[in-house]
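A.B. asks: Test case, fold it:
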Amino acid sequence: MGNSHERQDTTDDRGRTPDATPEATPGAPAAHDGPGADGTPAGHDGVVGHDGPAADTATGTVGAEREYRMAELAEAAGITVRTVRFYRERGLLPPPRREGRIAWYNEHHLARLRTIGALLARGHTLGGITELLTAFEKGRDSHQAAELLGFEPALTAPFSEEVPVRLTPEELAEYFPGEATPDNLSDSIELGYLAVDGDEIVHISRRLLDASAALVREGIPLAEVLAGAREVRAHVEAISAVFAGVLTEHLLSGDRHAEDVATAVDRLRPYAKHIVDAELSMALDRGVRSRFDAWLAAREKPDA
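C.D. replies: So this is what the prediction gives:
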């Protein structure tokens, strides 16, 4: 890169010193220099702020992936350069790729900024978003969760047999054409379906991913699929509480050894799944059949 690029990068990627006052975009609310009272920086609190057009419009590419200077990234995300810098300092944004003294950001950084914006719009605080993203980047640890719940490691063998799937943002978008919006992404993160691991996205379950994609292919919007998943989650948690109550009352009482309890849980694990599967299948038969019959009857009803 030439020296002109290096001189610009020592400022704020727009030819200004970092402590210069941001210029207000005509017609847009003025952006503040620092975070608000709740720690939220100006320009990403539900009101879009800009620092104005970037002085340097050069972009880089690595393979087919577009890269952005900081000002370009801010403009693409609809926020200010100061907000990008603030997120980077708070650890909300992964480090950029460095080429000498020049920092290059990519589509993963842009997706992260849009996710942060969607979460802020839903009322999340920056502290909460930081904890959420950190937790998903580190992944879930069943043993740590078990310790928090007070169970011995012998009792923490998972009931779930789900296989996680690692995807790039582009591959995820291919699963859900036109549906990989910031709102859907933030909903998926809140549900625990998606986690961020460096430049990749991890879906918690191959089966859930394939099922969601199949529903979308049939014409059901992903937002509706996720809303349905949230309702199912609530009902499934209630079912889980029933089994946990039975286990607590009849297995975690008295002076039974932990090893005996663990063995009993291992024996009962498949039967718990069988009960839920059988009951759900019969309920689906009743519910879907009744609605389908009503739909057919309405279609066959002669016009008055």
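
A.B. asks: now for the longest helix anywhere in the chain, which elements pack on it?
C.D. replies: Ranked by number of residues, the top helix in the chain under DSSP state H is helix 258-300. Under the contact definition 3 or more Cβ pairs under 8 Å, 6 or more residues apart in numbering; DSSP states H and E, helix 258-300 sits against helix 222-250. (Each C-beta comes from the backbone N, C-alpha and C, glycine too.)

A.B. asks: Show me which residues of the helix it packs on are buried.
C.D. replies: In terms of neighbour count (16 or more other Cβ atoms under 10 Å), helix 222-250 has its buried residues at 222, 225-226, 229, 243, 247.

A.B. asks: which one of those is nearest L119?
C.D. replies: Top of the list for closeness to L119, among the buried residues of helix 222-250 and by Cβ to Cβ, is L226 at 14.7 Å.

A.B. asks: Next, give me the two most distant ones among the buried residues of helix 222-250.
C.D. replies: Among these, L222 and L247 lie farthest apart (Cβ to Cβ), at 35.5 Å.

A.B. asks: follow-up on the earlier one: could you check the angle the longest helix of the chain makes with helix 222-250?
C.D. replies: Orientation check (axes from the mean of the first three to the mean of the last three Cα atoms, to 10 degrees): helix 258-300 against helix 222-250 gives 140 degrees.

A.B. asks: I'd like the average pLDDT over helix 258-300.
C.D. replies: Regarding helix 258-300, the rounded mean pLDDT is 88.

A.B. asks: Number the chain from 465, please
C.D. replies: New numbering, starting at 465: the last item is helix 722-764.

A.B. asks: Can I get stretch 726-734 as CSV, trimmed to CA atoms?
C.D. replies: Listed next in CSV are the C-alpha coordinates belonging to stretch 726-734 (Å, rounded to 0.1, in the frame of the first residue of the first chain):
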residue,chain,number,x,y,z
ALA,A,726,-26.7,-42.2,37.5
THR,A,727,-27.3,-45.8,36.4
ALA,A,728,-31.1,-45.4,36.9
VAL,A,729,-31.1,-42.2,34.9
ASP,A,730,-29.2,-43.9,32.1
ARG,A,731,-31.8,-46.7,32.0
LEU,A,732,-34.7,-44.3,32.0
ARG,A,733,-33.4,-41.7,29.5
PRO,A,734,-34.6,-43.5,26.4
